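Visitor: can you look at this prediction? I've put the sequence above it.
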2 protein chains.
Amino acid sequence: MKASDTLKQLPHKTIERLSQYRRALLICLDNKKDHIFSHEIAKIQHITPVQVRRDLMLIGYSGTLRKGYNIQELIDLISDIIDSNRGINVAIIGMGNLGRALLNYFSGKRHKLSIVASFDINPDKIGKSVNKIPCYNITEMEKVIKRENIEIGIITVPASQSMITAKQLVDSGIKGILNYTPKPVEVPEGVYLEEYDMITTLEKVSFYVKMENERAADHVIQRKNQGTVASDF
Amino acid sequence: MKASDTLKQLPHKTIERLSQYRRALLICLDNKKDHIFSHEIAKIQHITPVQVRRDLMLIGYSGTLRKGYNIQELIDLISDIIDSNRGINVAIIGMGNLGRALLNYFSGKRHKLSIVASFDINPDKIGKSVNKIPCYNITEMEKVIKRENIEIGIITVPASQSMITAKQLVDSGIKGILNYTPKPVEVPEGVYLEEYDMITTLEKVSFYVKMENERAADHVIQRKNQGTVASDF
DNA sequence: GATTAATTGTTAAATTTATAACAATGCAAA
DNA sequence: TTTGCATTGTTATAAATTTAACAATTAATC
Ligand SMILES: NC(=O)c1ccc[n+]([C@@H]2O[C@H](COP(=O)([O-])OP(=O)(O)OC[C@H]3O[C@@H](n4cnc5c(N)ncnc54)[C@H](O)[C@@H]3O)[C@@H](O)[C@H]2O)c1
Ligand SMILES: NC(=O)c1ccc[n+]([C@@H]2O[C@H](COP(=O)([O-])OP(=O)(O)OC[C@H]3O[C@@H](n4cnc5c(N)ncnc54)[C@H](O)[C@@H]3O)[C@@H](O)[C@H]2O)c1
């Protein structure tokens, strides 16, 4: 089996963590350190050192005993794995609050991942540039996506428009979609789809905060009961 | 074991899906339908009907055979589980591009989850309101958080400031943190933490697009080879 | 030089999560 | 009425993911 075949079978979770490791390592590079231990990476990511070592084992990287992992080497290897050689172009569809924020944020963050276009339906936005990235009319999507070789689309249109936008992207030959609207879309086999709804995450936090509150309340009751029982003796 | 104990043990993934089910059901309510099948929910969420039924089993909800699940009932039950009775107040720290976008977006979306304050360090932002939510000076954090009974903080300050912000939140008695900066923070036991980096998700999409490209390229090579072999006959 | 401590790499086990299998039910159509 | 069929609810199985266990190695220390 070729090395590239092994990589194809990397667990999804490992892919996510590799991206996170690289992000953390890039920050560490600044701190004049050149090596890092598995437990240091683990601490940053709130996971166990074993998890880190296992992930690195899966990508075939070996550290130095008692010195840890060479930060630059590891960054390079992770980049080899998750980045595309020739780079990948990205477009944002919907230049509203979130679209503009993302465009500003992503610009220049990654070498191999460039946002090169945005699209909107509103004449006020079309033709203007945000962060040097032009905003095209949505009607030109297919033309621009083909011309600029755009492979990934980030959807930030109003939720009601998410489906139609996804369809337009697929019809334009997009390979991957990242949908930030709270309305799930459908894509055919072969188009990779990732959806994320911020409210879900906030509700999850809310749920566990609620649980912790109730647990704490229970303990108070328990303590009170214990107190009563104890005083009975 | 009490019913509430069962709920405490709901898988994390189930919690996330419950939030997503409710979101989808709320949309369905508009469409004059009053019942929904497990396979319909499943289709929307890109999962299997079994998964849906299993989740609903875990929360003890029963549908009607051949009619499916009562949408309103299910919404109410999910709300009972994930919402806090008395509601939970939320603050956003860092009124920049993302913070403003989130504030606009979240406002009024959920009954039991209210953003009631924002904080910033920049005098230009302090004292102004976005969407009727006041922006306070970061120095007033503890006072405001206690006064307004804020339990969750959403961090959208520059990455370099994430740690100090998290510490300030913890010191102010916050119960849950949602960190949207790419720099992980540390919190003590008892504070629930959720972190999300949008670049990680984009890089994941990018990785699988790359993989699909390579797979497609491999197939072309295989077809070519096969073709050559065939023409040898 | 031997000993100790720290760290990696890897296999094995446990846990969590998802899928499959299938009985039970009740509506609809024959 | 009866048969067929779609659907639920649940237990059993499988797959994915995490954690544990531990041998191997090296550097520092005694
Ligand atoms: N703002 C946030 O923080 C936030 C957070 C999570 C999710 N979201 C989701 O992201 C989406 C955008 O949110 P927003 O706050 O930026 O909204 P917005 O209204 O500010 O922006 C939407 C933009 O999409 C454009 N648009 C509308 N229809 C279009 C179409 N058919 N094709 C192309 N462009 C179109 C509009 O002209 C507008 O510029 C929404 O679905 C929202 O639910 C936003
Ligand atoms: N913009 C995006 O789409 C996006 C996406 C993902 C992640 N992020 C992350 O979110 C964070 C904010 O991004 P942004 O684009 O809104 O940046 P921004 O610069 O527009 O906003 C940051 C805000 O935080 C305020 N601030 C700075 N230091 C502070 C402190 N110590 N306490 C309180 N407030 C402080 C600033 O005054 C500013 O208003 C960054 O960490 C960024 O990496 C942004």
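Guide: Okay, I see it. Ligands and ions are numbered 1, 2, ... in the order given.
Visitor: list the contacts of stretch A:104-111.
Guide: A:83, A:87, A:90, A:113, A:115, A:130-133, B:97-98, B:198-199, B:202-203 (C-beta atoms under 8 Å, 6 or more residues apart in numbering or on different chains). From N, CA and C alone the C-beta is placed, and that goes for glycine too.
Visitor: any of the residues you listed buried? List them.
Guide: A:83, A:90, A:113, A:115, A:130, A:133, B:97, B:98, B:198, B:199, B:202, B:203 (16 or more other C-beta atoms under 10 Å in any protein chain shown).
Visitor: of those, which ones also sit close to ligand 2?
Guide: Restricting the buried ones among the contacts of stretch A:104-111 to those near ligand 2 by C-beta under 6 Å from any ligand atom leaves B:97, B:98, B:198.
Visitor: for chain A, name the helix or strand with the lowest mean pLDDT.
Guide: helix A:3-8 (a mean of 64; mean pLDDT, DSSP states H and E).
Visitor: next, give phi and psi for the residue in chain A positioned nearest to DNA strand D.
Guide: In chain A, the residue that lies nearest DNA strand D is residue A:11 (3.1 Å; C-beta to the nearest atom of the strand). According to degrees, to the nearest 10, the main-chain angles of residue A:11 amount to phi -60, psi 140.
Visitor: before we move on, what about residue A:149?
Guide: Note on residue A:149: backbone dihedrals following degrees, to the nearest 10 are phi 50, psi 50.
Visitor: which strand residues bridge the closest residue to it other than its chain neighbours?
Guide: Nearest in space to residue A:149, with sequence neighbours left out and distances taken as C-beta to C-beta, 6 or more residues apart in numbering or on different chains, is residue A:89 at 5.6 Å. Residue A:89 has these beta-bridge partners by DSSP bridges: residue A:114, residue A:150.
Visitor: so residue A:89 sits against residue A:114, correct?
Guide: Yes - counting by C-beta atoms under 8 Å, residue A:89 does reach residue A:114; the two are 5.6 Å apart.
Visitor: show me the strands in chain A, by range?
Guide: For chain A, the strands defined by DSSP state E cover A:35-36, A:69-70, A:88-93, A:113-120, A:129-130, A:133-137, A:150-155, A:176-179, A:192-195.
Visitor: in TSV, list those strands along with mean pLDDT and distance to residue B:174.
Guide: Output for these, formatted as TSV (pLDDT from 0 to 100; distance: least, C-beta to C-beta, whole Å):
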stretch	mean pLDDT	distance to residue B:174
strand A:35-36	96	30
strand A:69-70	96	34
strand A:88-93	98	32
strand A:113-120	97	33
strand A:129-130	95	33
strand A:133-137	98	36
strand A:150-155	98	31
strand A:176-179	98	30
strand A:192-195	98	28
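Visitor: distance of whichever residue of chain A sits closest to DNA strand C from residue A:112?
Guide: Per C-beta to the nearest atom of the strand, residue A:62 is where chain A lies closest to DNA strand C, at 2.9 Å. Computed as C-beta to C-beta, to the nearest Å, the residue A:62 to residue A:112 distance reads 25 Å.
Visitor: this completes my enquiry, with thanks.
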